[in-house]
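Please find the sequence and the predicted model below.
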Number of protein chains: 2
Amino acid sequence: MVEGVHWLPDQDPADVAWKLVASNLSDLAAKTCRPVGLLLSFMLGDDSWNSRFLSGLGEVLAAFDAPLLGGDTVSAASPDAPKVIGLTALGQPQRDPPPSRADAAAGQALWITGQCGAALAGFEALKAGSNDHALTAPYRRPVPRLAEGQALAPVVGAMMDLSDGLLLDARRMADASGTTIAIETRLVPVHPALARRKREAMSWGDDYELLFTLPGGVSCPVTATRIGTVLPRGAHPLLLDGSPPPARQTLGYSHGI
Amino acid sequence: MVEGVHWLPDQDPADVAWKLVASNLSDLAAKTCRPVGLLLSFMLGDDSWNSRFLSGLGEVLAAFDAPLLGGDTVSAASPDAPKVIGLTALGQPQRDPPPSRADAAAGQALWITGQCGAALAGFEALKAGSNDHALTAPYRRPVPRLAEGQALAPVVGAMMDLSDGLLLDARRMADASGTTIAIETRLVPVHPALARRKREAMSWGDDYELLFTLPGGVSCPVTATRIGTVLPRGAHPLLLDGSPPPARQTLGYSHGI
């Protein structure tokens, strides 16, 4: 994670630590993994920054029972250089091979845990200076769906975590699996603050929910919402209420490539 | 690794890739590991930088038979921000538990592979604009001692790689194991270019040789040089020709902490 790209320069370093770990554990969740351990690559800041970061790190490690196995520390090139902090998370998948985004197949149903837009609502509140911790928490301190990912292991088709926005990630799943994915907007659960900006909520990242498919007839073993269907590959990889999204519209967060 | 800290800003990105991988594999070598795979955290630069980096990455992966398993890419905060590139190397130790720097015991002999100062000689040549690739190679393209590390597994006592300078790393081994380590300067092999600056060569990092101990009576199974002895802990952790190094003298590279 890069200061100014993945977090706001004035954000609490404890929240940066939380998000660094949580976003990595979310990748493990999507692979049905139990966390085994973490390796941290930490760029040293001033004492107060380091201390707040370590405090948040302790909280998130305890919350998700993931031991810090090791890592490395480096100096910054200069005190004002943007910080860059890395993490590698190791996990044990609960099935072999673990599910991938390429495992969607026509006839399966598309599901999502939680709501879209909770992180966007939190981000906007934080930028507006809100002290409403409950509202800003989904952006500052996302909760990886570790239990859900492991519970889905026996039945799930394709699975990925929703880090870059529902529409972009759904299109990636369709492309990887050679299918078309059809989403029904009315079925997509959205955070109440974004009720009138539903399309935007579906195109914003950082929610760290699980997007997955289940074969027909399989009942979902976790709390989640059915939002669409996997179809044989058609002219478009993604259909939204039966039509492809307008080409000019951003589907989600793109990493500068 | 951080631009401006771990590499010169005008250095060939192919050499940066090589050194990033080689320095991590050197840590595996010190644990008697066979490399299993690498995870790269890559900060995107301009096309020519990315392309040269990938070229060097391909070379180093092939040279040491270490597969790239995955990783992540991130954008820089700005085009002129110093680049930061991370790597996690996974390996399989050839003994359980693997040796640590705390495993030195009084009566053991201290050994080192290769020469001290080869990286310093290469660094100085590179800064002076040399085109002598053989002379600059130890700094630009260090070779991790993977075969030696694995061959030492059955017999070695303590082991670590020499990334921060012989004297500093030897003192760390002494401190970790609660011993005193006595080095004889005349026994330490030094790169010919540093023949008259031997003490400096022993205090400069980046050599990525292995520093290890062997129990008395054990013959060394790899090409290496005996440079000292492990003693019961005395008043000083490190003795150089029988005396502690002057307190004002730098023993090696310290990571800003």
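Perfect, I can see it now. Residues are numbered from 1 along each chain as shown, chains lettered A, B, ... in the order given.

from here on, contacts and neighbour counts on C-alpha atoms
OK.

Next one: the residue nearest to the spatial centre of chain A from A:P142, what distance?
Centroid-nearest residue in chain A, with Cα atoms, centre = their mean: A:Y208, separated by 2.3 Å. In this view, A:Y208 and A:P142 are 7 Å apart by Cα to Cα, to the nearest Å.

Quickly list what's touching both of the two.
Shared contacts of A:Y208 and A:P142, defined by Cα atoms under 8 Å, 6 or more residues apart in numbering or on different chains, are found at A:S23.

quick one, domains of chain A?
Listed domain ranges for chain A are A:13-93, A:101-240 (source: automatic domain parsing).

Is the residue nearest to A:L187 when sequence neighbours are not counted part of a helix or strand, or is it coil?
Counting by Cα to Cα, 6 or more residues apart in numbering or on different chains, A:L187 lies nearest to A:I227, which is 5.1 Å off, once chain neighbours are set aside. When classified by DSSP: H, G, I helix; E, B strand; the rest coil, A:I227 comes out as strand.

Check A:F212 too.
Going by three-state DSSP: A:F212 is strand.

Tell me the bridge partners for it.
A:F212 has these beta-bridge partners by DSSP bridges: A:W111, A:M159.

wait, it sits on A:Q108?
No - in this structure A:F212 lies outside contact range of A:Q108 using Cα atoms under 8 Å: 9.6 Å.

got any residues that touch both of these two?
Joint contacts of A:F212 and A:Q108 (Cα under 8 Å, 6+ apart) are A:G157.

Please list all residues in contact with the residue nearest to the centre of chain A.
A:Y208 neighbours (Cα under 8 Å, 6+ apart): A:S23, A:S26, A:P142, A:V143, A:P144, A:R145, A:D161, A:L162, A:S163.

quick one on the thing from earlier: show me the one of the domains of chain A that comes nearest B:R199.
Evaluated over the domains of chain A, closeness to B:R199 peaks at domain A:13-93, with 25.8 Å, by Cα to Cα.

Pretty sure the residue nearest to the centre of chain A sits in a strand.
No - counting by three-state DSSP, A:Y208 falls outside a strand, being coil.

give me phi/psi at it?
phi 50, psi 40 (degrees, to the nearest 10).

Chain A: helices as residue ranges?
With helices called from DSSP state H, chain A shows them at A:13-30, A:47-64, A:118-127, A:133-140, A:146-152, A:166-177, A:198-201.

Using JSON lines, lay out those together with distance to chain B, mean neighbour count and mean pLDDT.
Shown next, in JSON lines, are the helices of chain A (distance: least, Cα to the nearest Cα, whole Å; neighbours: other Cα atoms under 10 Å in any protein chain shown; pLDDT from 0 to 100):
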{"stretch": "helix A:13-30", "distance to chain B": "11", "mean neighbour count": "25", "mean pLDDT": "97"}
{"stretch": "helix A:47-64", "distance to chain B": "11", "mean neighbour count": "16", "mean pLDDT": "97"}
{"stretch": "helix A:118-127", "distance to chain B": "19", "mean neighbour count": "20", "mean pLDDT": "92"}
{"stretch": "helix A:133-140", "distance to chain B": "19", "mean neighbour count": "19", "mean pLDDT": "93"}
{"stretch": "helix A:146-152", "distance to chain B": "20", "mean neighbour count": "20", "mean pLDDT": "98"}
{"stretch": "helix A:166-177", "distance to chain B": "16", "mean neighbour count": "23", "mean pLDDT": "96"}
{"stretch": "helix A:198-201", "distance to chain B": "23", "mean neighbour count": "21", "mean pLDDT": "92"}
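
between those, which one is nearest to B:L168?
helix A:47-64 (24.7 Å).

Distance-wise, check A:T180 relative to A:V5.
Between A:T180 and A:V5 the computed distance is 32 Å (Cα to Cα).

Among those two, which residue is more densely surrounded?
A:T180 (25 against 16; other Cα atoms under 10 Å in any protein chain shown).

and that one, what does it touch?
A:A174, A:V230, A:L231, A:P232, A:R233, A:G234, A:H236, A:P237, A:L238, A:L239 are the contacts of A:T180 under Cα under 8 Å, 6+ apart.

what's the pLDDT at it?
A:T180 is assigned 98 on the pLDDT scale.

Quick check: beta-bridge partners of it?
With DSSP bridges as the rule, A:T180 is bridged to A:L231.

ok, it to A:E200 distance?
The value you get for A:T180 to A:E200, if Cα to Cα is used, is 21 Å.

Kindly report the same for A:K83.
According to Cα to Cα, A:K83 stands 29 Å off from A:E200.

same check, this time on A:L210
Distance from A:L210 to A:E200, by Cα to Cα: 18 Å.

likewise A:G45?
From A:G45 over to A:E200 (counting by Cα to Cα), the distance is 35 Å.

Same question for A:D10.
A:D10 is 25 Å from A:E200, where distance means Cα to Cα.

quick one on the thing from earlier: please identify which of the domains of chain A is closest to B:S51.
The nearest among the domains of chain A, by Cα to Cα, is domain A:13-93 at 21.9 Å.

Between the two ends of that closest one, what distance do you get?
End-to-end distance for domain A:13-93: 30 Å, by Cα to Cα.

ditto for stretch A:177-197
Counting by Cα to Cα, the terminal residues of stretch A:177-197 are separated by 29 Å.

Is it correct that A:K83 is in contact with A:M43?
Yes - applying Cα under 8 Å, one finds A:K83 in contact with A:M43, separated by 6.5 Å.

Quickly note the distance from the residue of chain A most remote from its centre to B:D80.
For chain A, the residue at maximal distance from the C-alpha centroid (Cα atoms, centre = their mean) is A:S78, at 31.4 Å. Going from A:S78 to B:D80 by Cα to Cα gives 13 Å.

now swap in A:T229 and tell me
45 Å.

which of the two has more neighbours?
A:T229 (22 against 9).
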